[in-house]
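> Model the following, please.
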Amino acid sequence: MGVLNITSDSFSDGGIYLDFEAAVHRGRQMAAEGADVVDVGGESTRPGATAVAAGEELRRVVPVVEALAGEVRVSIDTTKASVAHAALAAGATLLNDVSSSLAAVAAEHGAGYVAVHCKGTPADMQRDPRYDDVVREVGEFLELRAADARATGVGEVYIDPGIGFGKSVSHNLQLLAALPRLVATGVPVLVGTSRKSFIGHLGAGGSPDGRVGDIPPLGADDRLEGSLASAVWAMACGAAFVRVHDVAATVQAARLFRETAT
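Sure thing, here's the model as predicted:
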């Protein structure tokens, strides 16, 4: 799943694809590089992000969805029902929902659905997130959301542990280590680690327990190696999808993994 952020403030590529032509070009490029799905989003979910008005989000995403839908499978990444309805009507066939609240919209359109775990909202989710048992709590939440989605009539359901969405470095690592437990639920798992801050923290030599210290994290453009390592780990654990910015590099890694794992 290739990430197509039509935003001004996404943590990695905000502003690059805000223009319609640039967004469509990048979507087609990702499809040519081997993306099975292009995930179109018009509102950033980075830590500290502010909400975008529904009208602006619609203006950003609907024309791009329409342009790409006949060429590659398109997912819409949104938490707004109005945007989800419009994008699915425009040709998207998968709804990627960080709020885990829009399953009924997916069901209405006969679309697939991704339930994502997020503790809090993008504006506040990274303010000292705490869990008694992050693996158990995230797993129970996602199994419930998957069951609810199926009960509403969604036939294609995925669960995403929400790496970086209200989690510390340690929480992220615990969830990645426990991916086989999520996969064992029988619900297909989507994993999105690409270029996230915990990779920058660890890549710069930061502590796995999340202590920042005096070491500045690697910038988003310097996190490819960690992103690939975590994507391959997710594949090895049985994830159905990995959501990535660097499609060509990840497809190459996936092909190598596939050939060595068979």
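> Val72 is in contact with Val40, correct?
No. Between Val40 and Val72 there is no contact under CB atoms under 8 Å: 10.5 Å. For glycine as for every other residue, the C-beta is placed from the backbone atoms N, C-alpha and C.
> okay, those two: which has more neighbours?
Neighbour tally, Val40 and Val72, criterion other CB atoms under 10 Å: the higher count belongs to Val40, 29 against 16.
> what helix or strand is the closest residue to Pro217 other than its chain neighbours on?
With CB to CB, 6 or more residues apart in numbering as the criterion, Pro217 has its nearest non-adjacent residue at 3.5 Å, and that residue is Gly200. Per DSSP states H and E, Gly200 falls inside helix 197-203.
> contacts for that helix?
Contact with helix 197-203 is made by 11, 47, 163-164, 169, 172-173, 193, 208, 210, 212, 217-220, 222-223, 225-227, 230, as judged by CB atoms under 8 Å, 6 or more residues apart in numbering.
> any idea what Val74 is structurally, helix, strand or coil?
Here Val74 takes the strand state, with states given by DSSP: H, G, I helix; E, B strand; the rest coil.
> quick one, what contacts the closest residue to it other than its chain neighbours?
Using CB to CB, 6+ apart and skipping the chain neighbours, the partner closest in space to Val74 is Ala92 (4.5 Å). Applying CB under 8 Å, 6+ apart to Ala92 gives the contacts Val40, Val65, Ala69, Val74, Ser75, Ile76, Ala111.
> Please apply the same query to Val242.
Neighbouring residues of Val242 by CB under 8 Å, 6+ apart: Met1, Leu190, Val191, Gly192, Thr193, Ser194, Ala231, Ala234, Met235, Thr250, Ala254.
> swap the cut-off to 6 Å and go again
Contact analysis of Val242 by CB atoms under 6 Å, 6 or more residues apart in numbering lists Val191, Ala231, Ala234.
> Can you read off the pLDDT for the second one?
This points to Ala231. pLDDT, Ala231: 98.
> related to what we said a few turns ago, convert the helix or strand following the helix holding Gly200 to PDB, retaining C-alpha atoms only.
Moving toward the C-terminus from helix 197-203, the next helix or strand (DSSP H and E) is helix 224-237. In PDB, the C-alpha atoms belonging to helix 224-237 read as follows (Å, rounded to 0.1, in the frame of the first residue of the first chain):
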ATOM      1  CA  LEU A 224      14.500   4.100   4.700                       C
ATOM      2  CA  GLU A 225      16.600   1.300   6.100                       C
ATOM      3  CA  GLY A 226      14.600   1.100   9.300                       C
ATOM      4  CA  SER A 227      11.400   1.300   7.400                       C
ATOM      5  CA  LEU A 228      12.400  -1.600   5.100                       C
ATOM      6  CA  ALA A 229      13.600  -3.700   8.100                       C
ATOM      7  CA  SER A 230      10.200  -3.200   9.900                       C
ATOM      8  CA  ALA A 231       8.300  -3.900   6.700                       C
ATOM      9  CA  VAL A 232      10.100  -7.200   6.100                       C
ATOM     10  CA  TRP A 233       9.600  -8.100   9.700                       C
ATOM     11  CA  ALA A 234       5.800  -7.500   9.300                       C
ATOM     12  CA  MET A 235       5.900  -9.700   6.100                       C
ATOM     13  CA  ALA A 236       7.700 -12.500   8.000                       C
ATOM     14  CA  CYS A 237       5.000 -12.300  10.700                       C
END
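> helix or strand right after helix 224-237?
Scanning forward in sequence from helix 224-237 by DSSP H and E, the next helix or strand is strand 241-242.
> quick one: Cys152 and Val83, what's the gap?
Just to correct that, residue 152 is Thr rather than Cys. Computed as CB to CB, to the nearest Å, the Thr152 to Val83 distance reads 19 Å.
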